[in-house]
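Colleague: Got a predicted structure here, sequence first:
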Amino acid sequence: MSNLEGKKAPAFSLPGSDGKTHTLADYRGKIVVVYFYPKDDTPGCTKEACGFRDGMPAVSRAGAVVLGISKDSVASHQKFIAKYELPFVLLSDEDAAVMKAYGAWGEKLMYGKPVTGVIRSTVIINESGKVIKHWTKVAKAEQHPADVLAFLDGLT
């Protein structure tokens, strides 16, 4: 997967868990953390989402917003948010088009076998729409939010 750092972030328009359509342009002037994850309410994805939830004070201090993207439906996202009290919007990319644009969809190994699916990854997009940090493959979902928060702290 190619690293997007220094490049213009691919535009997107996706339905959100809040019932609205979200575009990257909606967030112009803000730092945006976009994390791609495989599935709502699974162990690794839950740890990652709750890590972002628990780190929201640091996200807010950096003037940033968090958006999670998976192939799950908006209804699934709404249940996931309610169950874990997630304070950010989850976007539904059911055809994986946005994930493909960000290099978050492709071949990966699962239990030693090649499969095609979501590649857990994260981008941080600056106020003018440029990718300033790209984790192309997140190995430890539970540790990753701390890495993102440390990067955001370095921006302030």
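Modeller: Nice, thanks for sending it over.

Colleague: wait, Thr116 sits on Glu107?
Modeller: Yes. In terms of CB atoms under 8 Å, Thr116 counts as a neighbour of Glu107; the distance is 5.5 Å. Yep, even glycine has a C-beta here, placed from its N, CA and C like the rest.

Colleague: give me the element the nearest residue to Phe88 once chain neighbours are set aside is part of.
Modeller: Take Phe88 and drop its neighbours on the chain: the residue closest to it by CB to CB, 6 or more residues apart in numbering is Val66, 4.2 Å away. If you go by DSSP states H and E, Val66 is part of strand 64-70.

Colleague: and the spatially most central residue of the chain, which of the three is it?
Modeller: Nearest to the geometric centre of the chain sits Tyr35, at 1.3 Å (CA atoms, centre = their mean). Using DSSP: H, G, I helix; E, B strand; the rest coil, the structure places Tyr35 in strand.

Colleague: So it sits against Ser70, correct?
Modeller: No. Between Tyr35 and Ser70 there is no contact under CB under 8 Å: 9.4 Å.

Colleague: residues of stretch 4-17 that come out buried?
Modeller: Leu4, Ala9, Pro10, Phe12, Leu14, Pro15, Gly16, Ser17 (16 or more other CB atoms under 10 Å).
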